[in-house]
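**Q** Fold the following, please.
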Amino acid sequence: MRANSGKIIFEENNLQRLDSQGNFTFEFGTSLSSDNFKITETSTKISVNSELIGAGGSDRTEYSITLYKKVGILCVSQGTAKFDVGASQNATWSNLTKDGTYYIYMSTPKVASSGKYIKGTGKISNFELL
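**A** The predicted model follows:
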């Protein structure tokens, strides 16, 4: 059910996982989270290119990416960036903990229309698989 769930597909050895270069694809109707990964410097840039998939209209014009740091059992937001659907864009997060464990959460504020979802590709810089 694409309108109610999502996935980040990270590619590794033909499995749907994050590759060693930080490349990924995604599809979601309302929101989704990634697996955990390590940031190897004190900043990271996330670049994305997206499109709206589904019949008619364009009720989903933006989405956001929040970077979270894992601290024990806690998840601490490092900030949120907004992106326009249908555009290639990027955002940078600074003042991060080098070699810290992070994940991203993607969401859209619009209620999903039946059968519509956001699909795209992305890349995370200063990234390492866990």
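
**Q** Lowest-scoring secondary structure element of the protein by mean pLDDT?
**A** When the helices and strands of the chain are scored by mean pLDDT, DSSP states H and E, strand 6-10 comes last with a mean of 52.

**Q** Relative to the whole chain's centre, how far out is the helix or strand that it is followed by?
**A** For strand 6-10, the following helix or strand on the C-terminal side (DSSP states H and E) is strand 23-28. How far strand 23-28 lies from its chain's middle: 7 Å, per CA atoms, centre = their mean, to the nearest Å.

**Q** so what does the helix or strand just after strand 23-28 touch, helix or strand wise?
**A** Using DSSP H and E, the helix or strand that directly follows strand 23-28 along the chain is strand 31-33. Counting contacts by 3 or more CB pairs under 8 Å, 6 or more residues apart in numbering; DSSP states H and E, strand 31-33 packs against strand 6-10, strand 100-107. Glycine gets a C-beta too; all of them are placed from N, C-alpha and C.

**Q** Report the mean per-residue pLDDT for strand 31-33.
**A** Strand 31-33 shows a mean pLDDT of 87.

**Q** for stretch 119-130, same thing?
**A** 92.

**Q** can you check stretch 65-83 too?
**A** Taken as a whole, stretch 65-83 has a mean pLDDT of 96.

**Q** Now that stretch: buried residues?
**A** For stretch 65-83, burial by neighbour count (16 or more other CB atoms under 10 Å) applies to Ile65, Thr66, Leu67, Tyr68, Lys69, Gln78, Ala81, Phe83.

**Q** and the third one, which of the three is it?
**A** On the three-state scheme (DSSP: H, G, I helix; E, B strand; the rest coil), Leu67 is labelled strand.

**Q** and it, what does it touch?
**A** By CB atoms under 8 Å, 6 or more residues apart in numbering, the contact list for Leu67 reads Thr44, Ile46, Ser77, Gln78, Gly79, Thr80, Trp93, Tyr102, Tyr103, Ile104.

**Q** what's across from it in the sheet?
**A** Ile104 (DSSP bridges).

**Q** begin at 183 from here
**A** Yep, numbering from 183; the last one is Leu249 now.

**Q** From Met288, how far off is the closest residue to Ser270 other than its chain neighbours?
**A** Computed as CB to CB, 6 or more residues apart in numbering, the closest residue to Ser270 that is not its neighbour in sequence is Asn231, at 4.3 Å. Applying CB to CB, to the nearest Å, the value for Asn231 to Met288 is 13 Å.
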